[in-house]
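Asker: 3D, please:
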Amino acid sequence: MAGRDYRGMSAAERLADRRERLISAAYTLFAQPGFHATTIEKLCATARISNRAFYECFSSREDLMRAVYERCIDETLAAVTKAIDKAPPTLDDQIAAGIAEYIRFVTKDVRRARLMHLEVRRAGNVLNAARQRAVASFTKVIESSVRSADRTPPFDLHLLTLGLVGAITELLIEWVVSEPSPPTDQLVETCVYIFRRTFASEGALVTSSH
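Answerer: Down below sits the predicted model:
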């Protein structure tokens, strides 16, 4: 049976609205002051809902963090995939396009950068599975491009790609915690250099380009 309408909204619509308000509040508060410093009471006050309503939407702060993190990942992955699809069909061009879009999209909003690369770790082991799924999604994009270019290196491609994704992650953590932050163009150039050196054709030295 459908829920009773209230102020023009059904019960399902009210629940969806509260959920979105909590996600919006968490996007800001989990980034700053941070996951551990943000209570459910603070989240509810910012979202303008009751504490009881919180548990109708999420089972815990970690559950809410997972929803926020996965949305950040989905949006970033969509932006990166679009950039790669628009790039010329060479591995070098796709590497440059994908890395540049990832770094610029993530750093365009410092909240996104903090959530994806710092606060998700502070949330604890409960989010390890979500992080692993995110890493798997990005490594799949890279591995697909490498295989399409027939540029498979003489090492395990998956492990090598994991290491490269880790390099990007550490550079973005540096961007988040440093004062002042290194220029994003410098992050892009560094990552492109690492990737191109890793996947350069045998005997070729591919340098970073602007």
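Asker: what's the pLDDT at residue 202?
Answerer: According to the model's per-residue confidence, residue 202 sits at a pLDDT of 42.
Asker: can you check residue 59 too?
Answerer: The predicted structure scores residue 59 at 96 on the pLDDT scale.
Asker: are we agreed that it is in a helix?
Answerer: No. Assigned with DSSP: H, G, I helix; E, B strand; the rest coil, residue 59 falls outside any helix and is coil.
Asker: and the host helix or strand of residue 27, how far out from the chain middle?
Answerer: In this structure, residue 27 sits in helix 11-29 according to DSSP states H and E. Put simply, helix 11-29 sits 20 Å off its chain's centre (Cα atoms, centre = their mean, to the nearest Å).
Asker: show me what whatever helix or strand residue 158 lives in is in contact with.
Answerer: Element membership for residue 158, per DSSP H and E: helix 157-177. Applying Cβ atoms under 8 Å, 6 or more residues apart in numbering, the set of residues contacting helix 157-177 from outside is 99, 102-103, 106-107, 110, 113-114, 116-118, 135, 138-139, 142-143, 146-147, 153, 181-182, 184, 187, 190-191, 194-195, 198. Every residue, glycine included, has its C-beta placed from N, CA and C.
Asker: packing partners of the helix or strand that that helix is followed by?
Answerer: Following helix 157-177 in sequence order, the next helix or strand is helix 184-199 (DSSP H and E). When contacts are defined as 3 or more Cβ pairs under 8 Å, 6 or more residues apart in numbering; DSSP states H and E, helix 184-199 sits against helix 91-107, helix 157-177.
Asker: of all residues in the protein, which one is nearest the centre?
Answerer: residue 73 (3.7 Å; Cα atoms, centre = their mean).
Asker: ok, back up a step: can you lay out the helices and strands packed on helix 184-199 as TSV showing mean pLDDT and mean neighbour count?
Answerer: What follows is the helices and strands packed on helix 184-199, written out as TSV (pLDDT from 0 to 100; neighbours: other Cβ atoms under 10 Å):
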stretch	mean pLDDT	mean neighbour count
helix 91-107	94	22
helix 157-177	94	16
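Asker: for the residue nearest to the residue nearest to the centre of the chain when sequence neighbours are not counted, give me its contacts.
Answerer: In this structure, residue 73 finds its nearest non-sequential neighbour in residue 134, 4.4 Å apart by Cβ to Cβ, 6 or more residues apart in numbering. Residue 134 is in contact with 69, 70, 73, 116, counting by Cβ under 8 Å, 6+ apart.
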